[in-house]
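A.B. asks: Sharing a model that was predicted from the sequence below.
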Amino acid sequence: MLIEAGRRLSHLQVASLVAAGTKTVRLREPRLSLVRARPQADVILDAAIEWIADAIKSEGGTAVVHSAHGGLQNALNDSSVDAVVTIGGTGSGARDATVRTLADVGEVHVHGVALTPGETAAFASVGGRPVLALPGRLDAALAVWLVIGRCLLARLTGRTDAEPAMTAKLARKIASPLGLAEVVPVHMKEGTMEPIASGYLSLAVLAQADGWILVPPDSEGYPAGAEVMVRAWP
């Protein structure tokens, strides 16, 4: 056997298949629709959509960016895609109508997750298609995509191999609240990983991050010198 089912094909694997005389392979390339909740111009939502679109493409999917002017409901009812990712409007304010729209046209399964940042995320289904609703804050949207969105995409692609990660020692401790999983960005410093923020992640923090750590909800964090699993940003 050259390559097991569920593996993502790299250029080297494609070359190996060609050299072995394999002429065709069966691939999954799911289409995910991306749409922001509000038609008004919003650089944060647009930045999140661009980043997530690149992440989808890098992991074997196709990103279909819907125009916000076409309306959220139209994007949710698009039967040509396999899943929908919305950005913004998941809170409880007067302008946060995404979850209400999801309830009107489909079924909301979860609203609110034990993840920081990203507590207001939601998960729904419309016409048999999964819908992941991300918060409108950039750090929260990225964190939810890293922890939940990538699992959704892996399920749609049929991917079974482990995601790339490395172990490294922490330069200083991480303190995290019990009961919440937490995405913590880290910066490489002299061969160790230094946590650079927790909770709210500013643009400056995101720009400096070399990777990220997921602290599980049953942990209060890690001491300095602990071996942790570090994942790369897509």
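C.D. replies: Alright, I've got the coordinates.

A.B. asks: Identify the residues contacting the residue positioned nearest the centre of the chain.
C.D. replies: Closest residue to the average C-alpha location of the chain: W145 at 1.6 Å, with Cα atoms, centre = their mean. By Cβ atoms under 8 Å, 6 or more residues apart in numbering, the residues touching W145 are I52, A55, V85, L132, L134. From N, CA and C alone the C-beta is placed, and that goes for glycine too.

A.B. asks: Give me the pLDDT for it.
C.D. replies: With respect to pLDDT, W145 scores 97.

A.B. asks: next one: A94
C.D. replies: 69.

A.B. asks: for the one 3 residues further on, same thing?
C.D. replies: Per-residue confidence for A97 comes out at a pLDDT of 89.

A.B. asks: That one and T90 touch, don't they?
C.D. replies: No - if you go by Cβ atoms under 8 Å, A97 and T90 don't touch, sitting 9.6 Å apart.

A.B. asks: Can you name every helix or strand that the longest strand seen in the chain contacts?
C.D. replies: In the chain, taking DSSP state E as the definition, the longest strand is strand 181-189. Applying 3 or more Cβ pairs under 8 Å, 6 or more residues apart in numbering; DSSP states H and E, we find strand 181-189 packed against strand 115-116, strand 192-195, helix 203-208, strand 211-215.

A.B. asks: which stretches of the chain have low pLDDT?
C.D. replies: For the chain, the stretches flagged by pLDDT under 70 are 68, 94.

A.B. asks: Longest helix in it, please.
C.D. replies: helix 43-58 (DSSP state H).

A.B. asks: Give me the contacts around the helix or strand just after that helix.
C.D. replies: Going down the chain from helix 43-58, the next helix or strand is strand 62-65, by DSSP states H and E. Residues from elsewhere that reach strand 62-65, judged by Cβ under 8 Å, 6+ apart: 29-35, 49, 52-54, 56-57, 78, 80-81.

A.B. asks: tell me how far the longest helix of the chain is from the chain's mean position?
C.D. replies: 10 Å (Cα atoms, centre = their mean, to the nearest Å).

A.B. asks: Which other helices and strands does that helix contact?
C.D. replies: Counting contacts by 3+ Cβ pairs under 8 Å, 6+ apart, helix 43-58 packs against strand 31-36, strand 62-65, strand 83-87, helix 138-144.

A.B. asks: what pairs with the shortest one, and is each one parallel or antiparallel?
C.D. replies: This points to strand 62-65. If you go by DSSP bridges, strand 62-65 pairs up with strand 31-36 (parallel).

A.B. asks: For the nearest residue to P217 once chain neighbours are set aside, give its distance to G221.
C.D. replies: Leaving aside its sequence neighbours, P217 sits nearest to A181 (Cβ to Cβ, 6 or more residues apart in numbering; 4.8 Å). To G221, A181 is 12 Å away according to Cβ to Cβ, to the nearest Å.
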